[in-house]
Structures are given as structure tokens and as C-alpha cells.
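> Model the following, please.
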Amino acid sequence: RTGGSSRVVSSRVPRVFVFADAGSESDTEGAGSSKSKITQKIPPLYVKRTVRSSTVRHPGTIVVMGDVDAESSVIAGGDVFVWG
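Purely as a prediction, here's the structure:
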């Protein structure tokens, strides 16, 4: 038993996930066709604030111009940059 109140400090690190492109498999028709693939350019998502206890999801690159709190998540299909 401890005397007085104790404060619990979270040592969690913000969760940052980068998923591989789901369309990376070969989408060719027939055995002799070339590997020509149409790629769609997804513009990056710019978050110009601190991410607090929320989840940010985007299929492309995410650029966070602020801090990412330990209770939040950043999920991207591309790169994740945090300038905080």
C-alpha cells in the first residue's frame, strides 16, 4: 500500500503504420502481356496541427506539421513524416 496519490505516466509511443500498396500485384491480362500498369498518384495529406487522441488515415503519404500524442494513430499507405 502506498501513501498518498500516485500518478501513472504513459510511456506509450504514438502508433504509426505504413501499409504496402494493395494494388502492387501484377494486374496483367493473358500470359504474354507486358507489365504495363496504371498507377494513380495520390496527393499527400498535410495535417497542420497536433494530432491528439485521434486516428489519421490516408491511402497516400501523410505529413504532420505538429506533434503526435501517444493516444493517437497515423495510418498511411505511403510515407509518414512528423515535423513536430
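
> Just the strands from the chain, written as ranges.
Assigned by DSSP state E, the strands in the chain fall at 15-18, 45-47, 55-58, 62-64, 73-76, 80-82.

> Residue 60 and residue 79: what is the separation?
Going from residue 60 to residue 79 by C-beta to C-beta, to the nearest Å gives 9 Å. C-beta: built from backbone N, CA, C; applies to glycine.

> Please say which of those two ends up with more neighbours.
Neighbours per residue, other C-beta atoms under 10 Å: of residue 60 and residue 79, the larger number sits with residue 60, 15 against 11.

> okay, that one: pLDDT?
Note for residue 60: predicted pLDDT of 94.

> Tell me the spacing between residue 56 and residue 73.
Separation of residue 56 from residue 73 (C-beta to C-beta) stands at 7 Å.

> returning to what we had before: name the residues contacting each of residue 60 and residue 79.
Counting by C-beta atoms under 8 Å, 6 or more residues apart in numbering, no residue touches both residue 60 and residue 79.
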